[in-house]
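>>> Please work out how this folds:
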Amino acid sequence: MRLLEAPSPARSRQPILEKAADVGDVRPVGHRVWADWFELTKARLNMLVLCSVALGYICGSAWQGNIRWSGLAWVLVGTALLAAGSAVMNQYQERQLDALMERTRGRPLPAGRVRPVTALRMGVVLILAGLAVLVSATTPLAALLGALTVAIYLVVYTPLKTRTTLNTLIGAVAGALPPLIGWSAATGQLDSPAWSLFLIQFLWQFPHFWSIAWLYRDDYARAGMKMVPVLDASGRMTGRLLVNHTLVLTCASFSPVLVGLCGTQYLIAAVMLGAMFVVTSWWFLLQPEKQRARYVLWMSLIYLPMLYLFLIADGAWAVLITPSATSPGPGMTFP
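The predicted structure is shown next:
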């Protein structure tokens, strides 16, 4: 925790930020409190985490031929609490760094609207509550993976953000575990198709985070964040990485077909979505600039949910809505 305490400029700026927050905010106190905690828990961003958990659970259920909707509800509740608690703890750890960046200095902690000790306590409570739900209502493996995700995110990834560009790799591992949480909650184990979901989400995070880092690289540089776009003044390296990783991601997106999770319709959608992602990244490579980086970011936010929808529609859903469905078994393609 002490490694992430910012130098004195952040502390000297704190009173100014607090006054700015007080002067410009005319919302009712109750509304402001809810808005602050909505931001602290990153509720909007964590919706994608829950979607990936649901994907893993639905695909795992279809793989064994049945689904328990109550089980899906419980794993979503548990993961939502873990994700919310991790978001609060992450902002607690980085509150001094956030004060140095234009994009984040208005957050509740650096702006002084929420006390750090309050955020710390709430973060711990949310994480413990999430683990309790997963332990009591899902499977031991799902709870273990949930705990591992939190540990990697808070103990390894967050401190490394100011030390090495490899932090993106570590963060991608943590971000790719939610589909495995969902799958293991449905099946109690990790079958080989689950790893195809992990691989897709793991590779997707690199272009997603690099596009964000390019948009806010000045901010990241002020806070001492070690990201490839921060160190790449021309943007050529970032562009090449974006193109290379979207190409690899597109190839990896075919893996659910190879392991029997879905069929031809998904494959066509994966080719089209992948081509759009590659072209958008290549366009950035031709002329690295903020607007084109923003298009890459938007494409990343479109790509993954659409890919998941086609995966479920072309595979798992057909199995789950068929009354006579039986377990497709390893190596058998869904109808």
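>>> pull the CA atoms of the host helix or strand of residue 57 into CSV?
In this assignment (DSSP states H and E), residue 57 forms part of helix 46-64. Taking C-alpha atoms only, helix 46-64 is exported to CSV below (Å, rounded to 0.1, in the frame of the first residue of the first chain):
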residue,chain,number,x,y,z
ASN,A,46,-18.5,-4.2,-14.0
MET,A,47,-21.6,-5.1,-16.1
LEU,A,48,-19.2,-6.6,-18.7
VAL,A,49,-17.7,-8.7,-15.9
LEU,A,50,-21.1,-10.1,-15.1
CYS,A,51,-21.9,-10.7,-18.7
SER,A,52,-18.7,-12.9,-19.0
VAL,A,53,-19.7,-14.8,-15.8
ALA,A,54,-23.1,-15.4,-17.3
LEU,A,55,-21.6,-16.6,-20.5
GLY,A,56,-19.4,-19.1,-18.7
TYR,A,57,-22.3,-20.3,-16.6
ILE,A,58,-24.7,-20.7,-19.6
CYS,A,59,-22.1,-22.4,-21.7
GLY,A,60,-21.0,-24.7,-18.9
SER,A,61,-24.7,-25.6,-18.2
ALA,A,62,-25.3,-26.4,-21.9
TRP,A,63,-22.1,-28.5,-22.0
GLN,A,64,-23.7,-30.8,-19.4
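>>> Pull out the buried residues from the following helix or strand past that helix.
Following helix 46-64 in sequence order, the next helix or strand is helix 69-93 (DSSP H and E). Within helix 69-93, the residues that count as buried by 16 or more other C-beta atoms under 10 Å are 71-72, 74-93. Backbone N, C-alpha and C define where each C-beta goes, glycine included.
>>> Which parts of the stretch 51-200 of the chain are helices?
For the stretch 51-200 of the chain, the helices defined by DSSP state H, counting those that start in this stretch occupy 69-93, 95-98, 116-137, 140-151, 158-160, 167-175, 178-187, 192-215.
>>> I'd like those laid out as a markdown table, including distance to residue 244.
Below are the helices of the stretch 51-200 of the chain laid out as a markdown table (distance: least, C-beta to C-beta, whole Å):
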| stretch | distance to residue 244 |
| --- | --- |
| helix 69-93 | 28 |
| helix 95-98 | 29 |
| helix 116-137 | 36 |
| helix 140-151 | 27 |
| helix 158-160 | 22 |
| helix 167-175 | 14 |
| helix 178-187 | 23 |
| helix 192-215 | 9 |
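>>> Need the winner for burial among those.
helix 178-187 (a mean of 28; mean count of other C-beta atoms under 10 Å).
>>> Show me the contact partners of it.
Identification of contacts with helix 178-187 by C-beta atoms under 8 Å, 6 or more residues apart in numbering yields 49-50, 52-61, 63-64, 67-68, 71-72, 74-75, 79, 134, 138-139, 141-142, 145-146, 149, 190-191, 194-195, 197-198, 201.
>>> And for stretch 266-283?
So stretch 266-283 is contacted by 207, 239, 242-243, 245-247, 249-250, 253-254, 256-257, 292, 295-296, 299-300, 302-303, 306-307, 310-311, 313-315 (C-beta under 8 Å, 6+ apart).
>>> Can I get stretch 257-267 as CSV, trimmed to CA atoms?
Extracted in CSV, the C-alpha atoms of stretch 257-267 (Å, rounded to 0.1, in the frame of the first residue of the first chain):
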residue,chain,number,x,y,z
VAL,A,257,-16.1,-23.9,-32.8
LEU,A,258,-13.2,-26.2,-32.7
VAL,A,259,-14.1,-27.5,-29.2
GLY,A,260,-17.8,-27.8,-30.0
LEU,A,261,-19.3,-24.9,-28.2
CYS,A,262,-21.0,-23.4,-31.3
GLY,A,263,-21.4,-23.7,-35.0
THR,A,264,-21.2,-22.0,-38.4
GLN,A,265,-23.3,-19.0,-37.6
TYR,A,266,-21.0,-18.0,-34.8
LEU,A,267,-18.0,-18.6,-37.0
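>>> circling back: now, the contacts of stretch 266-283 that are in helices?
Using DSSP state H, the members of these that fall in helices are 207, 239, 242-243, 245-247, 249-250, 256-257, 292, 295-296, 299-300, 302-303, 306-307, 310-311.
>>> that older thread, with distance to residue 232 and mean pLDDT added, can I get the helices of the stretch 51-200 of the chain in a markdown table?
Listed next are these as a markdown table, based on distance: least, C-beta to C-beta, whole Å; pLDDT from 0 to 100:
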| stretch | distance to residue 232 | mean pLDDT |
| --- | --- | --- |
| helix 69-93 | 25 | 96 |
| helix 95-98 | 21 | 93 |
| helix 116-137 | 33 | 97 |
| helix 140-151 | 29 | 97 |
| helix 158-160 | 19 | 94 |
| helix 167-175 | 13 | 95 |
| helix 178-187 | 29 | 96 |
| helix 192-215 | 8 | 95 |
